[in-house]
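Visitor: I need the structure of the sequence given here:
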Amino acid sequence: MKENQQWSSKLGFILSAAGSAIGLGAIWKFPYIAGVSGGGAFFFIFLLFTILLGLPLLLAEFAIGRSTQSDAIESYKKIAPDSKWYSIGYLGMITCFVLLSFYSVIGGWIILYLVKAISGELNGLNQQQFGELFGATISNPLLSVGAHLVFMIITIAVVAKGVQNGIERTSKFMMPALFLLFIVLIFRSITLEGAMEGVQFLFYPDFSKLTSEAILAALGQSFFTLSVGVSVMLTYSSYLPKDSNLPQSAISIVGMNIFIVVMAGLAIFPGVFTFGLKPDAGPVLLFNVLPTVFNQMAFGMIFFVAFLLLFLFASLTSAFSMLEIIVSVIAKGDANKRIKWSWIIGLTIFAVGVPSALSFGIWSEVSIFGKSIFDAADYLVSNILMPIGALLISIFVPLKMKKSMLYSELANGSSLSKGLFNTWFFLMRYVAPIAIFLVLLDVLGIWKLLSR
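Guide: As a prediction, the model looks like this:
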């Protein structure tokens, strides 16, 4: 039985795609990476990469997906038959598989903390006690693996329902709720005494604190938060009608993404500085430092529950897209196959993610190149697989898709001028591949060898 593989509305697509892009990248990863990378300087470089590289790559994936109306493998085969370019699609599937395997572990932590916050277990704790609680929670094999499974079951159940009835319907509820909760939290955060110090940290660029590692992190973050380089946006855009406005949709998604990043910073850093805490706490910022902040506010735990809810909504909308790219390739529009393969693939991802869930407890001694299993998986995805995928797409589009065909595709349903198109094409053909290649050299250590 074939299902109707199309978004029911433009709004549904934008909210679903924005939900995929926003996720943990904007709310969990951006604040802590900005915190350890100098705040405003990192934010400035992130913005630069997002607009000059992320946006062009997002449009490129849109052009591939809508023009072919096919999944991540068939799209490349249609454009470049009798070639190996379809391997980009497989790379995207592998990346999403690995990414979701450890991403869902964090999703499980959110669920655990939501339960603890609602039950009152977090009331009255200080930062040291929160640190001890977080360590005890993530090192408990039953809790961490069990919550990881719950998060994956929710993700599977939504994706199994299909594009319109599952992903789009859920995103239409979760994304507005996310924005609403953020507005409440920001209002509370910026009205705290001393909040302006946190605002200054986010927006005032101190380039003396910017390192090559921070620049690399900013590039990875721009890809991570826009879900580019893994063919997720290609898959989502393949469900669009031919007359949809691709440039407008891309700008809306990038704009929403930047807006959420700013909102996350405004919700977090003012409170961190107000109560004399450190913004460079790293990945534990949201589970250790933030609860301390909320506990010192009037009705703090109510605000923290609201924060955890939006955190959960954002992480789920991203998880849907990661599972969808894999399921769409195998199910090929068959509703019965979609249900079966959603569960098979989803539970397999859960099983592969168990070592990441255990890497803070009974497997904490296991290391890969000096990193825990969880950190190694994160590094592999964010700093290697995503940039490689983005590099291949930036080469593929100008090389294998005719310029006239690209203009026709992007101008269809929009009023895209030749000048703006040529700027986009120049960025795709020359700037994006060179910039991504140079960063990859740095990741692999080749740049340091060459500069000796």
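Visitor: how about residues contacting stretch 219-226?
Guide: With Cβ atoms under 8 Å, 6 or more residues apart in numbering as the test, stretch 219-226 has contacts from 21-23, 25-26, 29-30, 33, 46, 49-50, 53-55, 57-58, 229, 233, 253-254, 257, 261, 382-383, 386-387, 390, 435-436, 439. All C-beta spots, glycine's among them, are computed from the backbone N, C-alpha and C.
Visitor: might one say that residue 144 is in contact with residue 138?
Guide: Yes - in this structure residue 144 lies within contact range of residue 138 using Cβ atoms under 8 Å: 5.5 Å.
Visitor: what residues are shared contacts of the two?
Guide: When contacts are counted by Cβ under 8 Å, 6+ apart, residue 144 and residue 138 have 109, 360-361 as shared neighbours.
Visitor: looking at those residues, which is nearest residue 286?
Guide: The closest of the shared contacts of residue 144 and residue 138 to residue 286 turns out to be residue 109 (Cβ to Cβ; 8.9 Å).
Visitor: how distant is the helix or strand hosting the closest one from the center of its chain?
Guide: Assigned by DSSP states H and E, residue 109 belongs to helix 87-119. With Cα atoms, centre = their mean, to the nearest Å as the basis, the distance from the averaged C-alpha position of helix 87-119 to the chain average is 10 Å.
Visitor: tell me the mean pLDDT for the next helix or strand after that helix?
Guide: The first helix or strand that comes after helix 87-119 along the chain, using DSSP H and E, is helix 127-139. Along helix 127-139, the predicted local confidence has a mean pLDDT of 85.
Visitor: need the contact partners of helix 127-139.
Guide: The set of residues external to helix 127-139 that reach it, using Cβ under 8 Å, 6+ apart, is 109, 112-113, 116, 122, 125, 143-144, 277, 284, 287-289, 291-292, 360-362, 364.
Visitor: let's see 6 Å
Guide: By Cβ atoms under 6 Å, 6 or more residues apart in numbering, the residues outside helix 127-139 that reach it are 112, 144, 287-288, 291-292, 360-361.
Visitor: could you do stretch 363-379 as well?
Guide: With Cβ under 6 Å, 6+ apart as the test, stretch 363-379 has contacts from 98, 102, 355-356, 359.
Visitor: any chance of those in TSV, plus distance to residue 193?
Guide: Conversion of the contacts of stretch 363-379 to TSV gives the following (distance: Cβ to Cβ, whole Å):
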residue	distance to residue 193
98	44
102	38
355	45
356	40
359	39
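Visitor: of all these, which comes closest to residue 41?
Guide: Relative to residue 41, the closest of the contacts of stretch 363-379 is residue 102; by Cβ to Cβ it sits at 27.9 Å.
Visitor: shouldn't the closest one be in contact with residue 356?
Guide: Yes - in this structure residue 102 lies within contact range of residue 356 using Cβ atoms under 6 Å: 4.1 Å.
Visitor: quick one: the shared contacts of residue 144 and residue 138 as TSV, columns for pLDDT too.
Guide: Supplementary listing: the shared contacts of residue 144 and residue 138 in TSV, determined by pLDDT from 0 to 100:
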residue	pLDDT
109	91
360	88
361	86
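Visitor: show me the contacts for residue 322.
Guide: Residue 322 makes contact with 96, 99-100, according to Cβ under 6 Å, 6+ apart.
Visitor: swap in 7 Å and give it another go.
Guide: Residue 322 makes contact with 96, 99-100, 232 under the criterion Cβ atoms under 7 Å, 6 or more residues apart in numbering.
Visitor: which residue in the residues you listed has the weakest pLDDT?
Guide: Lowest in pLDDT among these is residue 232, which has 82.
Visitor: ok, and the closest non-adjacent residue to it?
Guide: Ranked by Cβ to Cβ, 6 or more residues apart in numbering and with sequence neighbours excluded, the top spatial neighbour of residue 232 is residue 321, at 4.7 Å.
Visitor: count of neighbours near that neighbour?
Guide: The number of residues packed around residue 321, counting by other Cβ atoms under 10 Å, is 25.
Visitor: also the one 5 residues further on?
Guide: As a burial measure, the neighbour count of residue 326 was computed by other Cβ under 10 Å and equals 25.
Visitor: list the residues that contact it.
Guide: Going by Cβ under 7 Å, 6+ apart, residue 326 touches 93, 96-97, 345.
Visitor: so residue 296 sits against residue 275, correct?
Guide: Yes - under the contact definition of Cβ atoms under 7 Å, residue 296 touches residue 275, with a separation of 5.4 Å.
Visitor: how close does the nearest residue to residue 73 once chain neighbours are set aside sit to residue 328?
Guide: Of all residues beyond its chain neighbours, the one nearest residue 73 is residue 89 (4.1 Å), with distances taken as Cβ to Cβ, 6+ apart. In this structure, residue 89 and residue 328 are separated by 10 Å, where distance is defined by Cβ to Cβ, to the nearest Å.
Visitor: gap between residue 72 and residue 337?
Guide: As it turns out, when the distance is counted by Cβ to Cβ, residue 72 lies 16 Å from residue 337.
Visitor: repeat that for residue 127.
Guide: Separation of residue 127 from residue 337 (Cβ to Cβ) stands at 49 Å.
Visitor: higher neighbour count, these two?
Guide: When residue 127 and residue 337 are compared on other Cβ under 10 Å, the one with more neighbours turns out to be residue 127, at 18 against 15.
Visitor: ranking by neighbours, what's the top pick from the shared contacts of residue 144 and residue 138?
Guide: The most crowded member of the shared contacts of residue 144 and residue 138 is residue 109, carrying 26 neighbours; neighbours defined as other Cβ under 10 Å.
Visitor: what's it in contact with, if anything?
Guide: 138, 147, 287.
Visitor: which of those residues sits closest to residue 188?
Guide: The shortest gap between residue 188 and any of these belongs to residue 287, at 19.3 Å (Cβ to Cβ).
Visitor: now the closest one: closest residue in space that isn't a chain neighbour?
Guide: Beyond its immediate neighbours in the sequence, the residue positioned closest to residue 287 (Cβ to Cβ, 6+ apart) is residue 134, lying 4.8 Å away.
Visitor: neighbours of that neighbour, just the number please.
Guide: Residues near residue 134, counting by other Cβ under 10 Å, number 19.
Visitor: same deal with residue 123?
Guide: Residue neighbour count, defined by other Cβ under 10 Å, stands at 11 for residue 123.
Visitor: isn't it right up against residue 300?
Guide: No - here residue 123 lies out of contact with residue 300, judged by Cβ under 7 Å, at a distance of 8.8 Å.
Visitor: picking up where we left off before, now the contacts of residue 326 in CSV, with neighbour count?
Guide: As requested, these are arranged in CSV below (neighbours: other Cβ atoms under 10 Å):
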residue, neighbour count
93, 25
96, 28
97, 19
345, 21
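Visitor: name the nearest of the residues you listed relative to residue 207.
Guide: The shortest distance between residue 207 and any of the contacts of residue 326, using Cβ to Cβ, involves residue 96 and amounts to 34.3 Å.
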